[in-house]
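>>> Sequence and predicted model, in that order:
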Amino acid sequence: MLMKNTQKAVLISAILALCAFLFFGTGSAADVFPAFSTQDIDGKEVTGAIFADKKLTVVNIWTTWCPPCIGEMPDLGKLARSMPEGSQLIGVILDAYDPGALDEAGKILSKAGAQFPQLLPSDEMAPVLDEVEAIPTTVFVDASGKIVGNPLVGSRSEEAYRAEIKKILNTIK
């Protein structure tokens with residue numbers, strides 16, 4: 001049976017994510033999401049204070065050229081519309097500074113119905129972003145900026161994200 005290019009890309013990404021998991025583990029050297037100042041996809045200023053109002057922030061790190069990242073956007077859009085109380089979802093577009101990437105991100109998000117804050121990476125985020133070995137990667141940040149739980153490498157369904165969020169919310173005081 002011949003696989004379509006998208007299926008091949010998803011399979012390759014899943015294999016890379018598994019390799020990253022096996023070789024690098026699930027822990028991150030960064031324990032805290034550092035203070036930062038950046039812009040969102042619409043040019044509005046956003047700082048690390050975005051974490052302070054929520055018990056848990058789910059940070060999805062992705063690129064516009066990643067088929068699994070694009071593939072999970074509809075589920076992330078559904079998740080964003082009905083996040084558990086005290087939690088929020090934001091994205092970080094790793095390739096935001098590439099030519100045309102912001103326009104492409106806007107198209108992807110619109111088509112997927114994924115209307116949640118999308119941040120541009122900043123130098124201050126490097127301690128976390130430099131740990132990303134495969135995309136998408138999702139990290140969980142508490143109100144104080146501490147990274148909690150284990151990062152999720154690779155795409156997930158809405159249900160899988162909900163289960164992980166529930167598990168982490170139960171561990172945060």
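Sure, I can see it.
>>> Break down the protein into its helices, ranges please.
Using DSSP state H, the helices of the chain run over 5-24, 67-81, 101-112, 126-129, 158-169.
>>> Output the below-cut-off pLDDT ranges for the protein.
1-29 (pLDDT under 70).
>>> Can you pull up the most central residue in it?
N60 (0.7 Å; C-alpha atoms, centre = their mean).
>>> Would you check that that residue makes contact with I135?
No: using C-beta atoms under 8 Å, N60 is not in contact with I135; the gap is 9.5 Å. C-betas here are computed from N, CA, C, even on glycine.
>>> What's opposite the residue nearest to the centre of the chain in the beta bridge?
In this entry, N60 is beta-bridged to G91, T138, by DSSP bridges.
>>> so what's it up against?
Contacts for N60 (C-beta atoms under 8 Å, 6 or more residues apart in numbering) come out as 76, 89-92, 136, 138.
>>> Tell me, how many residues neighbour the spatially closest residue to A35 that is not a sequence neighbour?
The shortest distance from A35 to any non-neighbouring residue, by C-beta to C-beta, 6 or more residues apart in numbering, is to G48 (4.4 Å). Residues contacting G48 under the criterion other C-beta atoms under 10 Å number 18.
>>> Much appreciated, bye for now.
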